[in-house]
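**Student:** just to be clear, the model below is a prediction. Sequence and coordinates:
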Amino acid sequence: MENYQRNANGEIRTCIRCGKIFQYYGLGRCYCPACKKQDDEAFNKVKAYIYEHGTATVMEVSEKTGVPVRYIRLYLKDSRIEIPENSPIFIQCERCGVNIRSGRLCPNCASELTNEMRLEMDFNNEQIGEIPRKYSCGKMRFLDKNCD
Ligand SMILES: [Zn+2]
Ligand SMILES: [Zn+2]
């Protein structure tokens, strides 16, 4: 069903948001130009809100900006937005579950993976998130299982 065709200008891909066929140049997520524009607008709203209200939760940001939670999480995973210090919003390292402020992996897992799977999994620095310095366990219930 998916139809990939290489040519000189890019690849023909299916937009992961609306399903339209378009020419993809290998930058960012696989969105067609219309979805890319919408996505940029949503992204800017989210970014502005988070920087203005540093301690908002993802749910709150979603309600106030009208941007679905799943997109906000994508922005975090893509490291397009970073969670401010002292914010209760976090995402978790995909490998060990520790809190990180952006990306997919904590620095520890990233360095452990460097020799094994990094090339294969194609991690780059943008996918490695900082662990928040002022994190305290009691604050976030969904992380209780990771507290010693
Ligand atoms: Zn689209
Ligand atoms: Zn980790």
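**Tutor:** Nice, thanks for sending it over. Residues are numbered from 1 along each chain as shown. Ligands and ions are numbered 1, 2, ... in the order given.
**Student:** for residue 61, grab the count of nearby residues.
**Tutor:** 22 (other Cβ atoms under 10 Å). (C-beta placed from N, C-alpha, C; glycine too.)
**Student:** name the helix or strand for it, please.
**Tutor:** In this assignment (DSSP states H and E), residue 61 forms part of helix 58-65.
**Student:** what does the helix or strand following that helix rub up against?
**Tutor:** Sequence order places helix 69-77 as the next helix or strand after helix 58-65, per DSSP H and E. Residues outside helix 69-77 that contact it (Cβ atoms under 8 Å, 6 or more residues apart in numbering): 29, 39, 42-43, 46-47, 58-59, 61-62, 81-83, 89, 91, 102-104, 127.
**Student:** quick check: PyMOL command selecting the buried ones in the residues you listed.
**Tutor:** In PyMOL, this line selects whichever of these come out buried by 16 or more other Cβ atoms under 10 Å:
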select buried, resi 39+42+43+46+47+58+61+62+81+82+83+89+91+102+103+104+127
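**Student:** now, the contacts of helix 69-77 that are in helices?
**Tutor:** 39, 42, 43, 46, 47, 58, 59, 61, 62 (DSSP state H).
**Student:** grab the nearest non-local neighbour of the second one.
**Tutor:** On the basis of Cβ to Cβ, 6 or more residues apart in numbering, the spatially nearest residue to residue 42 that is not a chain neighbour turns out to be residue 67, at 4.4 Å.
**Student:** could you pull up the contacting residues of the one you found?
**Tutor:** 42, 45, 46, 61.
**Student:** farthest-apart pair in the residues you listed, please.
**Tutor:** Greatest spacing in the contacts of residue 67, by Cβ to Cβ: 42 and 61 (10.8 Å).
**Student:** what's the distance between the residue nearest to residue 42 and residue 110?
**Tutor:** Distance from residue 67 to residue 110, counting by Cβ to Cβ, to the nearest Å: 28 Å.
**Student:** thinking again about what came up before, so which of the ones in helices among the contacts of helix 69-77 comes closest to residue 96?
**Tutor:** Closest to residue 96, out of all of the ones in helices among the contacts of helix 69-77 and judged by Cβ to Cβ, is residue 58, at 20.8 Å.
**Student:** using PDB, write out the CA atom coordinates for the one helix or strand residue 35 maps to.
**Tutor:** Assigned by DSSP H and E, residue 35 falls within helix 33-52. Taking C-alpha atoms only, helix 33-52 is exported to PDB below (Å, rounded to 0.1, in the frame of the first residue of the first chain):
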ATOM      1  CA  PRO A  33       3.200  20.600   2.900                       C
ATOM      2  CA  ALA A  34      -0.300  21.300   4.100                       C
ATOM      3  CA  CYS A  35       0.100  19.200   7.300                       C
ATOM      4  CA  LYS A  36       3.600  20.500   7.800                       C
ATOM      5  CA  LYS A  37       2.100  24.000   7.900                       C
ATOM      6  CA  GLN A  38      -0.600  23.000  10.300                       C
ATOM      7  CA  ASP A  39       2.000  21.200  12.400                       C
ATOM      8  CA  ASP A  40       4.300  24.200  12.500                       C
ATOM      9  CA  GLU A  41       1.400  26.400  13.600                       C
ATOM     10  CA  ALA A  42       0.500  23.900  16.300                       C
ATOM     11  CA  PHE A  43       4.100  23.600  17.300                       C
ATOM     12  CA  ASN A  44       4.500  27.400  17.700                       C
ATOM     13  CA  LYS A  45       1.400  27.600  19.900                       C
ATOM     14  CA  VAL A  46       2.700  24.800  22.100                       C
ATOM     15  CA  LYS A  47       6.200  26.300  22.300                       C
ATOM     16  CA  ALA A  48       4.800  29.700  23.200                       C
ATOM     17  CA  TYR A  49       2.500  28.300  25.900                       C
ATOM     18  CA  ILE A  50       5.200  26.200  27.500                       C
ATOM     19  CA  TYR A  51       7.700  29.000  27.600                       C
ATOM     20  CA  GLU A  52       5.100  31.400  29.100                       C
END
